[in-house]
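S.K.: Have a look at this prediction, sequence included:
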Amino acid sequence: MKVGRSSQYTVQVSTSWEAARAEWVAAYAAGFATPFQHGAVLDAWFAAMRSRPEIEPLVVTVRDRASHTHALSLALVRTTTGTRRTIGFADLGLIDYNAPILGPAAPQDAEGAERLWRTLRRALPRADLIEFTKMPTEIAGRTNPFARLGALPCALNGNLVRTGDDWPTYHASLKRPVRKELQRSWRVFERHPGAAFTPVVEPTERRRVLAAIEEQQPLRMQSTGKRYSLDAPSAAAFYRNLVAGRPEESPVVFTALTCGDEVVAGLLALHDRGEYIMVRISNAEGAWANASPGRVIIDKSMEWLHGRGHRHFDFSIGNYDYKRRFGVEPVALIDLVQPIGLRGFSTSARAHARHWLSQHPPAHAFVRRLLGRPDGSTAPKTVGSEAR
């Protein structure tokens, strides 16, 4: 374990998730975070990455030096690609919202954030680039200190629905064609003998529904022309680890549409402290297409959870038409990309160039034409964190 100090902060950096886990869990319980920072999620993530020697855990705890009060915690990794080393969140396309756990001593102004950042950088091991991506600007209502450090707008955004206390009022607020189609689709699905909406709790059943998602999702992606990456060994292991945990100790909430033994649709999500974030969804389509099972499972899951006190429903990253039908509001995310060594400058420069071009449409259009992409297209998207 490495310890760094400044006049205001001390920084501990552990290269073992297992050694740092107890302190992390305590920080999460007392602090402000998203469900993606839950200990069970990181248990699943680090276990899935054990076979990858290029990934080194860096679990960071920052405290106020005078009072020893917790300021923030970070689950980071140093990834080596060829000769370049990058420090970023424990993510690799599997975590939708990267964030610190904020404690009472987290800085609230730009000056404090800069002091913490300087101390943190000195404590981290050698690398060429720091790349913190997909960070919320606010975490449970508190400002993310990294948002005060010249971070760039992320190309991705979250998608949040606030239903309020009355479910029928929210449902009535949807556009009439959307509402009528949801009602019609549920009637079509319900007419099948044995058709049901089911919260999935029992571990064996969770594994069965996840297996159905693993089978259904790549078929859907093939039809859209997108590359699919969630069947890579470490990605598949992450989700399997995630649903294998004891339900009472896990933030995972799993729902399904079933008909007899058939899984018609599955929805894997995280929930904690009133927040619900959709992570992975699939449906059988084919003969079930006229019942729109993907939309129905979202609607029924939201209604079920609303009855249990949930009022915020996060559709996560990826701007898809089905999300807009449910009345999502965009939630801004940020990236903090800073070079440390010469090898990191090219990545940092590209990130800043993309941001500048996004703010200057004529220049952006000129670059697209220059690259032979007049429609703004790029290489086929890989289905990872931005599309699940």
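M.R.: All right, it came through fine. Residues are numbered from 1 along each chain as shown.

S.K.: domains of the chain?
M.R.: 2-157+332-373, 164-310 (automatic domain parsing).

S.K.: how about the helices in the stretch 201-350 of the chain?
M.R.: 203-224, 233-244, 293-306, 321-325, 345-358 (DSSP state H, counting those that start in this stretch).

S.K.: of all the ones you listed, which lies closest to residue 80?
M.R.: helix 345-358 (14.4 Å; CB to CB). In this view, the C-beta of every residue, glycine as well, is placed from N, C-alpha and C.

S.K.: now stretch 201-213: mean pLDDT?
M.R.: Stretch 201-213 shows a mean pLDDT of 95 in the predicted model.

S.K.: Neighbours of the closest residue to residue 196 other than its chain neighbours, how many?
M.R.: Of all residues not flanking residue 196 in the chain, residue 258 sits nearest, at 5.7 Å (CB to CB, 6 or more residues apart in numbering). Residues lying near residue 258 (other CB atoms under 10 Å) number 20.

S.K.: I figured residue 258 hits residue 199, correct?
M.R.: No - using CB atoms under 8 Å as the test, residue 258 is too far from residue 199 to be in contact (11.2 Å).

S.K.: Correct me if wrong: residue 73 contacts residue 29.
M.R.: No - using CB under 8 Å, residue 73 is not in contact with residue 29; the gap is 11.6 Å.

S.K.: Nearest to the spatial middle of the chain, which residue is it?
M.R.: residue 96 (1.3 Å; CA atoms, centre = their mean).

S.K.: Next, find the distance separating it from residue 117.
M.R.: From residue 96 across to residue 117, the span is 24 Å (CB to CB, to the nearest Å).

S.K.: and if you look at residue 192?
M.R.: From residue 192 to residue 117 the distance is 56 Å (CB to CB).

S.K.: Between the two, tell me which one has more neighbours.
M.R.: Set side by side, residue 192 and residue 117 show more neighbours around residue 117, with 19 against 15, by other CB under 10 Å.

S.K.: need the next SSE after the strand or helix carrying that one, C-terminal direction.
M.R.: Under the criterion of DSSP states H and E, residue 117 resides in helix 110-123. Downstream of helix 110-123, the next assigned helix or strand under DSSP H and E is strand 129-136.

S.K.: Pairing partners for that next one, with directions?
M.R.: strand 84-89 (parallel), strand 329-339 (antiparallel) (DSSP bridges).

S.K.: Kindly calculate the angle that the longest one makes with helix 110-123.
M.R.: Put simply, strand 329-339 runs at 50 degrees to helix 110-123, going by axes from the mean of the first three to the mean of the last three CA atoms, to 10 degrees.

S.K.: Name the residues of the helix holding residue 117 that are buried.
M.R.: Counting neighbours by 16 or more other CB atoms under 10 Å, one finds that the buried residues in helix 110-123 are 112, 113, 115, 116, 117, 119, 120, 123.

S.K.: what's the closest of these to residue 228?
M.R.: Nearest to residue 228 among these, with distances taken as CB to CB, is residue 120, at 35.7 Å.

S.K.: Next one: that closest one from residue 41, what distance?
M.R.: Computed with CB to CB, the distance linking residue 120 and residue 41 is 22 Å.

S.K.: How about residue 284?
M.R.: Distance from residue 284 to residue 41, by CB to CB: 27 Å.

S.K.: higher neighbour count, the two?
M.R.: It is residue 41, of residue 284 and residue 41, that has more neighbours when counted by other CB under 10 Å, with 26 against 22.

S.K.: average pLDDT across whichever strand or helix holds the more buried one?
M.R.: Following DSSP H and E, one finds residue 41 within helix 39-48. Mean pLDDT, helix 39-48: 97.

S.K.: repeat for stretch 339-359
M.R.: On average, stretch 339-359 scores 55.

S.K.: Use 13 as the first number for this chain going forward.
M.R.: Sure, I'll start counting at 13 from here, so that last one is stretch 351-371.

S.K.: Hmm, residue 306 is touching residue 269, no?
M.R.: No - counting by CB under 8 Å, residue 306 does not reach residue 269; the two are 9.3 Å apart.

S.K.: ok, those two, which is more surrounded?
M.R.: residue 269 (27 against 24).

S.K.: can you pull the contacts of the more buried one?
M.R.: Residues near residue 269 by CB atoms under 8 Å, 6 or more residues apart in numbering: 201, 207-210, 275-278, 295, 305, 308-309, 312.

S.K.: Drop anything exposed from the residues you listed.
M.R.: Here, 16+ other CB under 10 Å leaves 201, 207, 209-210, 275-278, 295, 305, 308-309, 312 buried among the contacts of residue 269.

S.K.: Could you measure from the nearest residue to residue 194 once chain neighbours are set aside over to residue 78?
M.R.: Nearest residue to residue 194 in three dimensions, chain neighbours excluded: residue 311, at 5.1 Å (CB to CB, 6+ apart). Using CB to CB, residue 311 is found at 52 Å from residue 78.
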